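Participant: give me a 3D structure for the following:
(2 chains)
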2 protein chains.
Amino acid sequence: MSDPIQRLVAELARLPGIGEKTATRLAFHLVRRPESQLRELAAALVDVVEKVRLCSVCMNLTERDPCALCEDPRRDPTLLCAVATPTELLAIERAGQFTGLYHVLHGVLSPLEGVGPEDLRIAELLRRLEPAPDRRRAEEVIVATSASVEGEATAMYLARLIKPLGVKVSRIASGIPVGGELEYSDQATIARALAGRSPL
Amino acid sequence: MSDPIQRLVAELARLPGIGEKTATRLAFHLVRRPESQLRELAAALVDVVEKVRLCSVCMNLTERDPCALCEDPRRDPTLLCAVATPTELLAIERAGQFTGLYHVLHGVLSPLEGVGPEDLRIAELLRRLEPAPDRRRAEEVIVATSASVEGEATAMYLARLIKPLGVKVSRIASGIPVGGELEYSDQATIARALAGRSPL
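Facilitator: Numbers count the residues shown, from 1 in each chain, chains lettered A, B, ... in the order given. Have a look, this model is predicted:
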């Protein structure tokens, strides 16, 4: 293999879920594409490096600071949704139900992987919850982390810090997914669904 | 999603086997990586565009022309192996058994996909087989295309063109893969294995 191709394979193989074989396939595919396609991909990468940063308010990825979500006057500033990652924010936004603002934590607490509170954007979240004369403060923080051990632990941790500030903390529901079969749901999910039942 | 990320997702989604979802996951992964990793991937792409070309002898991808394989004095110029793609050349090279030279066709004949003889590097192969005073000519061409309908048709087509030049043409064996179970092999493979039997 020529050196530039080998280097491209090595770079592609650093991506998650892409091993040596897939990287080789991708590299040889790219070599066969018109020159413009490779240049466009390269330009898109450099563009991301140069233009994308964190919104200083909600910590989401953005091109301009504050981001479009934080600047949108139609969104409810009294409701904050804390998510682990920008992709999870996107998933909630796509559901089209949430009209408040977001806060991206950039991870969940995970002692096993060495992720502590200081590695997350928790200090920034608490700062947003401080009373300030120039803006309306959130009245409720919905912790929308995954229903995993780490997601739950992060939610508990945040609740302990936020409640003393006089701000409500809630957790998204966990249970049988829409369209999911009760029969094939795992025990933990069924237990959650039962515990989280609501009156009809 | 910010524009640069959206553009990166679109570019990544053009890669084979990478859909919208995987592209989004990759893009958000890349955004979180150190700036240097993105720049290195971008540089590797540009490098491939700028440095990799086809070897004018064997049509393999190379940085210098003729390529290292064609220039290697230890390789046997009387034996040519015709392969469909540079990746297949690599696969044969990795097996470490073949000591002749290669010729990359850059595809196989496929009327259904509109690939005809003029789309492949067949003219270049025939030119290599013409007698020339300054180099030794190949005495045998091994057609190492896949055991698919297109691979077989390409082999047949090449044989018809090459034999009249007084050059032997052979085909790699097709049969039960090493470590493969006869019990689970498909009928076509078993039929091939039987037809290609060799005396003990």
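Participant: paired strands for the longest strand seen in chain A, with orientation please.
Facilitator: Longest strand in chain A, counting residues (DSSP state E): strand A:76-83. When pairing is defined by DSSP bridges, strand A:76-83 lines up against strand A:100-104 (parallel), strand A:140-143 (parallel).
Participant: would you mark the buried spots in that strand?
Facilitator: A:Leu79, A:Leu80, A:Cys81, A:Ala82, A:Val83 (16 or more other CB atoms under 10 Å in any protein chain shown). In short, each C-beta sits where N, CA and C put it, glycine included.
Participant: who does the residue nearest to the first one when sequence neighbours are not counted form a beta bridge with?
Facilitator: In space, A:Leu79 comes closest to A:Gly100 once its chain neighbours are excluded; the distance is 3.0 Å by CB to CB, 6 or more residues apart in numbering or on different chains. Bridge pairing for A:Gly100 (DSSP bridges) gives the partners A:Asp76.
Participant: distance check, A:Gly100 against A:Glu93.
Facilitator: Separation of A:Gly100 from A:Glu93 (CB to CB, to the nearest Å): 11 Å.
Participant: and the angle from the strand or helix carrying A:Leu161 to strand A:100-104?
Facilitator: Element membership of A:Leu161, judged by DSSP states H and E, is helix A:149-162. Using axes from the mean of the first three to the mean of the last three CA atoms, to 10 degrees, the direction of helix A:149-162 lies 110 degrees away from that of strand A:100-104.
Participant: buried set for helix A:149-162?
Facilitator: For helix A:149-162, by 16+ other CB under 10 Å, it's A:Glu150, A:Gly151, A:Glu152, A:Thr154, A:Ala155, A:Tyr157, A:Leu158, A:Leu161, A:Ile162.
Participant: which among the residues you listed are in contact with chain B?
Facilitator: Among the buried residues of helix A:149-162, not one lies near chain B by CB under 8 Å from any CB of the partner chain.
Participant: dump these to JSON lines, plus pLDDT.
Facilitator: JSON lines is the format used below for the buried residues of helix A:149-162 (pLDDT from 0 to 100):
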{"residue": "A:Glu150", "pLDDT": "93"}
{"residue": "A:Gly151", "pLDDT": "92"}
{"residue": "A:Glu152", "pLDDT": "91"}
{"residue": "A:Thr154", "pLDDT": "95"}
{"residue": "A:Ala155", "pLDDT": "94"}
{"residue": "A:Tyr157", "pLDDT": "96"}
{"residue": "A:Leu158", "pLDDT": "96"}
{"residue": "A:Leu161", "pLDDT": "96"}
{"residue": "A:Ile162", "pLDDT": "95"}
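Participant: of those, which pair is most distant in space?
Facilitator: A:Glu150 and A:Ile162 (18.2 Å; CB to CB).
Participant: show me what secondary structure element comes after the longest strand of chain A.
Facilitator: Past strand A:76-83, the next helix or strand by DSSP H and E is helix A:86-95.
Participant: show me what the longest strand of chain A is in contact with.
Facilitator: Strand A:76-83 is contacted by residues A:89, A:92, A:98-105, A:125, A:128-129, A:135-145, A:158 when judged by CB atoms under 8 Å, 6 or more residues apart in numbering or on different chains.
Participant: show the average pLDDT along it.
Facilitator: In this model, strand A:76-83 has an average pLDDT of 95.
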